[in-house]
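Asks: sharing a model that was predicted from the sequence below.
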Amino acid sequence: MKLVKIDKKQWAEGLESLKKSFRLLGPVKEDSYYSFKALKEGEQPDFSFLNTRLSPKSLLFPQSEAIVEYSLDERDEDHHVMKAIETDDSPRAVLGIRPCDAKAVTLVNLNFDTSEYKDPYWVKALAATTFIGLACDTPKSTCFCTSVGCGPYHEEGLDLLLADEGETYLVKILTEKGGNFLSTAGLEAVDEDTTLFDAKKKAAEAKIISTIATDNLKGQDILDLHEAPFWEDISFACLNCGTCTYTCPTCWCFDLQDEIHGKSGKRFKNWDSCMFPLFTLHTTGHNPRGTKLQRVRQRFMHKLKYFVDKYDQGIMCVGCGRCVNQCPVNIDIRKVCALMNDHKVDEQACAVQE
Amino acid sequence: MQNPYVPYPVRIDDIEVATEDKSLKTFKYVFLNDGDEEKFSYQAGQFAELSVAGVGEIPIGIASSPVEKGFVKFTVFKAGVVTSHLHNMKVGDIMGLRGPLGNWYPWDFLEGKNILIVGGGFAFTTLRSSIVYMLDPANRPKFGNIDVVYGARTPGMLLYKNELVEWEKRDDINMHLTIDAPAEGWEYNVGFTPPVTEQKAPQGDDDTYAIVCGPPVMIKFTLPVLEKLGYAHDHIIMSLENRMKCGFGMCGRCGIGKELVCKDGPVFTLDQINQTPREY
Ligand SMILES: Cc1cc2nc3c(=O)[nH]c(=O)nc-3n(C[C@H](O)[C@H](O)[C@H](O)COP(=O)(O)OP(=O)(O)OC[C@H]3O[C@@H](n4cnc5c(N)ncnc54)[C@H](O)[C@@H]3O)c2cc1C
Ligand code: SF4
Ligand code: SF4
Ligand code: FES
C-alpha cells in the first residue's frame, strides 16, 4: 500500500487521456441531486457531492438489464432457443464512489458470486471495474458508517482511495488494479508520508456522531425477533413505496420478466423489492408476506438478522443513510436496529408461533 | 462460467392429459443438444424452471425419475399466465429447462430405512419420481418397507393411474389409495388422506421416515396424525413451495427466514421448518 500526491489539474488531464482505454463513470449533478453517469468527452466527475441520491450499485446491477434473448419467428432455425446476451466487459472505472457504497459492493457480491452459482452479469462487470473511492471529510448527519464496520476512509472494495487536500489529492493505492489505473493515466505521483492522510481520516471519523449498536443481534433468536411486539409500531406508517430498497446500496432482490417486440424478445433482470405484495404472491392467491407488517419485518430481519446469521460478516447495511433521508414517513433503520438489538423476550408471555 | 439464467433448449415430445378435468397435463421433454441431458442429471425431489420464450418461467417439480433415461417429465396444473400458455402448446414446440434446482429427498441418508409416502391432489409429482426411483431393481434392496398413501377427490383425479394400478399389484410396496367419496368400480379406500393415513400407515419409529407432499389443508391435518403415530419432527420430510424466480438463491423472494426455499430447500424436515418463520 502506497500513498502518493497528485495535483488536481494533472488528475483532470489524466482522466481525459484515460477515456481511450477506460469507460469512466462518475458523479454528475442533475437538477438538485447527483448520480453516477458515463462521462462524455471533456466531462469531469463532479466531486462536490455528499452522496448520490441512488447508490452506484446500478453500475454493476442495473435497474433493468437484458440477460437472455430469443427469436419467436418460426422461420429462424433457432427460434424459441434462449441465448445469453453478450455483455460489454471492457475496462471501466468508477470515480468518486464513497467508501460506504464500495463496501456495499462487497456485501452484494456475497449474493451474486457463490461457490455453487455465479451471476455472470454481475461477476464480469465487477471484474472489469476499477473502483476509485472518494473519502468523506464532511459526512452527513445521517451517516452512521463507523458503527457498521465501515467508515469515511474505509478501504474495502476499493482500488484507490482519494482524499481531497486543497489543490491536490492524496491517493492511497490499495490494489494492483489501482496502480495500473494510475500508470495508464500517466500521472505524475509524488510519494507522500501518511501523517496528513491519517490525521484527515481521524478527523473525518470523529465527525460521524450517529451510531448504532449491533452487538446483540447475532445472539438473538430468529423466532423471538420475528414475533417481537414492536413490528406493528415500526410498520404502522410505511407506505410500502419501496424507496428504501431501491436507494439502498446493499439491497439485491430482483425479478425476471420477458418483453417481446414483434418476433423477437428478451428476458430482463429488474430490481424488485420485498416491500411489494406481488414479490411473494402465490398463484393460488395465498401470500406468505401479504401484510405490510410482514413486509417491513422482512426488510429489517433480512438486513439485521438473517444476513448476520448466514454470512457472519456483520449487518447488511453500510450506514449510508439513504433510506433514513428518503423515506417519506421517516422510518429509521437506526431506531429499528436498537429495538432489535435490545430486544428481550418477556418471560411471562409465551411466544407461541402459529 | 456456467450461466444459470440460460435454459437448456428442449422439445415437447409428448403431452398427456393427466386428470379427468383436464386441469393437469404431463409434458415429456427431450433435450435438443447432445450432452445436455447428462448436465441435467437430477435426484428425485428436485425441481426445474420451465422456461417459455416470450412468456416467462415457472418452478415445477421433476415428475420423471433419475432411473428413466432419454427424457424428463413434468405434470403441470393450469393456474395462471405461464401454466395456461403451456397447456396450449403443442408436441414439437421448443422451450427451455433450467436446472435441476434445489435439494432432494435425502436418499443416501434414507438407505436402510422404512419409507412412508403421503401425497394428496396433484402434489404427487416428485413423489412419483421417488417411488419409481426406489422401486428400480438396483435400488429396491436399499430400502425397508415402502408405504404409500395417496388421495384425490375422485378416481379420475389421481395422477399416473396406470402406474398406481401396477404398484397395487406388487408385494414390495404397500399402496393405500383413497378418494373422497365412494365411486362406481372403486375397490380401494374411501375417505380423506389424514384418516386413511391414521388407519393404514405404519407406526413411526427410529427407522421409519415420512415424506409428505400435498395441499396445505392436507398437510395441516396429516401432521397431527403422524405425530400420533409416533413420527418425530425430524422424521417427517416435507417439500415447500414459494413464489420463485431465479430458483438458485439470488433473487431473494422465496426466503423463509435465512433459508431460501429454492436453494436450501424445497425439501426440509418438519423440525427444520419449526425453526424458521412460517413465511410460505
Ligand atoms: C418447488 C416448486 C415445485 C412446484 N411443482 C409444481 C408441479 O409439479 N406442478 C404444478 O402444476 N405446479 C408446481 N408448482 C407451482 C407452480 O410453480 C405455479 O403454479 C406456477 O408458477 C404458476 O405460474 P403461472 O404463470 O401459471 O401463474 P401466474 O401467477 O400467472 O404467474 C407466475 C409468474 O408469471 C409472471 N406473470 C404472471 N402474471 C403476470 C402479469 N400480469 N404481468 C407480468 N408477468 C406476469 C410472473 O413473472 C409471475 O411470477 C411448484 C412450485 C414450486 C415452488
Ligand atoms: S421508504 Fe419508508 S415508506 Fe417507503 S417502503 Fe421504505 S420504509 Fe416504507
Ligand atoms: S443506511 Fe439504509 S440505504 Fe444505507 S445501507 Fe443501510 S439500509 Fe441501505
Ligand atoms: S427463487 Fe430466487 S432466491 Fe429463491
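Replies: Perfect, thanks for sending it. Ligands and ions are numbered 1, 2, ... in the order given.

Asks: spell out which parts of the stretch 151-300 of chain A neighbour ligand 3.
Replies: A:247, A:248, A:249, A:250 (C-beta under 6 Å from any ligand atom). The way it works is simple: take the backbone N, C-alpha and C, and place the C-beta from them, glycine included.

Asks: which helices and strands sit right next to the helix or strand of chain A with the lowest mean pLDDT?
Replies: When the helices and strands of chain A are scored by mean pLDDT, DSSP states H and E, strand A:190-191 comes last with a mean of 80. Contacting strand A:190-191 under the criterion 3 or more C-beta pairs under 8 Å, 6 or more residues apart in numbering or on different chains; DSSP states H and E are the following elements: strand A:2-7.

Asks: tell me the buried residues in the strand it packs on?
Replies: Neighbour-count burial for strand A:2-7, with 16 or more other C-beta atoms under 10 Å in any protein chain shown as criterion, is recorded at A:3, A:4, A:5, A:6, A:7.

Asks: give me the local confidence score for whichever residue of the stretch 101-250 of chain A sits closest to ligand 1.
Replies: The nearest approach of the stretch 101-250 of chain A to ligand 1 comes at residue A:117, 16.5 Å away (C-beta to the nearest ligand atom). Note on residue A:117: pLDDT of 97.

Asks: what helix or strand is residue A:340 located in?
Replies: helix A:333-342 (DSSP states H and E).

Asks: tell me if that helix is near ligand 3.
Replies: Yes. Contact of helix A:333-342 with ligand 3 (C-beta under 6 Å from any ligand atom) involves residue A:333.

Asks: quick revisit: test my guess that the residue of the stretch 101-250 of chain A closest to ligand 1 contacts residue B:250.
Replies: Yes. The pair residue A:117 and residue B:250 qualifies as a contact (C-beta atoms under 8 Å) at a distance of 7.0 Å.

Asks: circling back: which neighbouring elements make contact with the helix holding residue A:340?
Replies: Using 3+ C-beta pairs under 8 Å, 6+ apart, the elements in contact with helix A:333-342 are helix A:292-301, helix A:322-326.

Asks: out of those helices, deepest packed?
Replies: helix A:292-301 (a mean of 22; mean count of other C-beta atoms under 10 Å in any protein chain shown).

Asks: can that helix be found next to chain B?
Replies: Yes. Taking C-beta under 8 Å from any C-beta of the partner chain as the criterion, helix A:292-301 and chain B are in contact, through A:294, A:298, A:301.

Asks: quick one: mean pLDDT over that helix.
Replies: Here the average pLDDT along helix A:292-301 is 97.

Asks: hang on, the earlier thing: of the helices and strands packed on helix A:333-342, which is nearest residue B:15?
Replies: Ranking those by proximity to residue B:15 (C-beta to C-beta) places helix A:292-301 first, at 38.7 Å.

Asks: so that closest one, near ligand 4 or not?
Replies: No. Helix A:292-301 is not in contact with ligand 4 by C-beta under 6 Å from any ligand atom; minimum separation 13.1 Å.

Asks: kindly report the domain assignment for chain A.
Replies: If you go by automatic domain parsing, the domain ranges for chain A are A:2-71+A:89-206, A:222-348.

Asks: helices along the stretch 51-200 of chain B, start to end?
Replies: Assignment of helices within the stretch 51-200 of chain B using DSSP state H, counting those that start in this stretch yields the ranges B:81-87, B:107-110, B:125-135, B:161-169, B:193-200.
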